[in-house]
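[1] my questions concern the predicted model and sequence given below.
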Amino acid sequence: MNYDDRIAEDARLIILKELARQVDGRMNEIALMRVLDVFGIGRTREWVATQLRMLDQLGAVNVSEAGTVIVAALTKLGRAHVERRAIVEGVSRPSDED
């Protein structure tokens, strides 16, 4: 696996974790871009949208559009991955809790 693939898998995990923290399990691509930036993954809006579409294809989120903005909603599979009860290929695995 190359570096870019690893960064994308890590970003997808960060996205799922952040969605899991939300009361309604939803966030838009712009807010998620800011979250990724905090973790040192500063990428374009298009790159973040691509990751959200990939997570949608994997069944970890459902994406919808509100005008020109993509909104991601966590699915049961996405939450199960964050809680280490399921594995979503293409997403880094969460680390064990101490």
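    It's in. Numbering: from 1, shown residues only.

[2] and the helices in the chain?
    Using DSSP state H, the helices found in the chain span residues 3-21, 29-38, 45-58, 76-82.

[3] next one: the residue positioned nearest the centre of the chain from residue 27, what distance?
    Nearest to the mean C-alpha position of the chain, by C-alpha atoms, centre = their mean, lies residue 15 at 2.8 Å. Distance of residue 15 to residue 27, computed by C-beta to C-beta, to the nearest Å: 8 Å. C-beta: built from backbone N, CA, C; applies to glycine.

[4] name the residues contacting each of the two.
    35, 72 (C-beta atoms under 8 Å, 6 or more residues apart in numbering).

[5] ok, residue 33 touching residue 45?
    Yes: Residue 33 is within contact range of residue 45, at 6.0 Å (criterion: C-beta atoms under 8 Å).

[6] these two - which one has more neighbours?
    residue 33 (18 against 14; other C-beta atoms under 10 Å).

[7] so who does that one touch?
    If you count contacts by C-beta under 8 Å, 6+ apart, residue 33 has them with 43, 45, 48.

[8] I'd like the residues you listed laid out as TSV, including distance to residue 63 and pLDDT.
    As requested, these are exported to TSV (distance: C-beta to C-beta, whole Å; pLDDT from 0 to 100):
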residue	distance to residue 63	pLDDT
43	17	97
45	14	95
48	11	98
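
[9] quick one on the thing from earlier: closest one to residue 89 among the helices of the chain?
    Closest to residue 89 of the helices of the chain is helix 45-58 (C-beta to C-beta; 7.2 Å).

[10] got the angle between the closest one and helix 29-38?
    Helix 45-58 and helix 29-38 meet at an angle of 100 degrees, taking axes from the mean of the first three to the mean of the last three C-alpha atoms, to 10 degrees as the criterion.
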